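Chemist: After the sequence you'll find the predicted model.
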Amino acid sequence: MSTPHMKRPHPNRRTALAALSLATALPAWAHGEKPHQAKGPVVREQKPWGIAADARQARRTVEIRMTDDMRLSPSHLEVSEGETLRLRAVNAGRVMHEIVIGTPEELAAHADLMKKHPGMEHDEPYMAHVPPGRRGDIVWTFNRPGEFAFACLIAGHFEAGMRGTIRVNPKG
């Protein structure tokens, strides 16, 4: 409650303060031009599309090529439930690209958020941020059957078509 001698923040300042408090409540996400450094052990949190895995668990490596024409190749993956893959994101372009795994709905919502806040920082085990001419790995166990997706969520890249699908086929 304000008293007569207290100043109320300007509406734009209140909006900025609210955005700042929301940003500090969200996980740390990174889309800068710097490559990500491993910050310790991988956090293994079950997601609808699977769980992070140790690199030694990967039995297969799939190379996904990212180009400045906003394409991912291959753009469709078939995986068996329980399979652990190393997704090797290779940036063959001249600008920063990334691969993020998720549900189609979560990726679309995150892409919209990235348009509004392109400097947002995050670093999750289901993401690989790759500078031009470099590569990055995601090691993931797809332990849930279903239809999932992967995409580059750097502002404008998702909308330009830089996305793909992952079908996780049930066991047996």
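Modeler: Cool, got the structure.
Chemist: Doesn't Gly133 belong to a helix?
Modeler: No: using DSSP: H, G, I helix; E, B strand; the rest coil, the secondary structure at Gly133 is coil, not a helix.
Chemist: which residues sit in contact with it?
Modeler: 91-92 (Cβ atoms under 8 Å, 6 or more residues apart in numbering). C-beta here means a position set from N, CA and C on the backbone, and glycine is covered the same way.
Chemist: And the one 5 residues further on, by the same measure?
Modeler: Ile138 makes contact with 86-87, 89, 99, 101, 125-128 under the criterion Cβ under 8 Å, 6+ apart.
Chemist: Now Ala108: closest residue in space that isn't a chain neighbour?
Modeler: The shortest distance from Ala108 to any non-neighbouring residue, by Cβ to Cβ, 6 or more residues apart in numbering, is to Phe158 (7.5 Å).
Chemist: list the buried ones in stretch 96-108?
Modeler: By 16 or more other Cβ atoms under 10 Å, the buried positions in stretch 96-108 come out as 96-102, 106-108.
Chemist: Report the two of the contacts of Ile138 separated the most.
Modeler: Maximum pairwise distance in these, criterion Cβ to Cβ, is 14.4 Å, between Arg86 and Met127.
Chemist: More neighbours: these two, which one.
Modeler: Neighbours were counted for Arg86 and for Met127 using other Cβ atoms under 10 Å; Met127 has more, 22 against 17.
Chemist: shaky segments in the chain?
Modeler: Applying pLDDT under 70 to the chain flags residues 1-42.
Chemist: Can you name the residues that contact the residue most central in space within it?
Modeler: Taking Cα atoms, centre = their mean, the centroid of the chain lies closest to Val100, which sits 3.1 Å from it. Taking Cβ under 8 Å, 6+ apart, we find Val100 in contact with 107, 110, 124, 126-127, 150-153.
Chemist: Could you pull out the strands in the chain for me?
Modeler: Taking DSSP state E, the strands of the chain run over residues 51-52, 60-67, 71-73, 76-80, 83-91, 97-102, 127-130, 135-142, 146-151, 163-169.
Chemist: do you know how far Ala155 is from Thr84?
Modeler: 31 Å (Cβ to Cβ, to the nearest Å).
Chemist: Tell me which of those two has more neighbours.
Modeler: Applying other Cβ under 10 Å to Ala155 and Thr84 shows that Thr84 carries more neighbours, namely 21 against 18.
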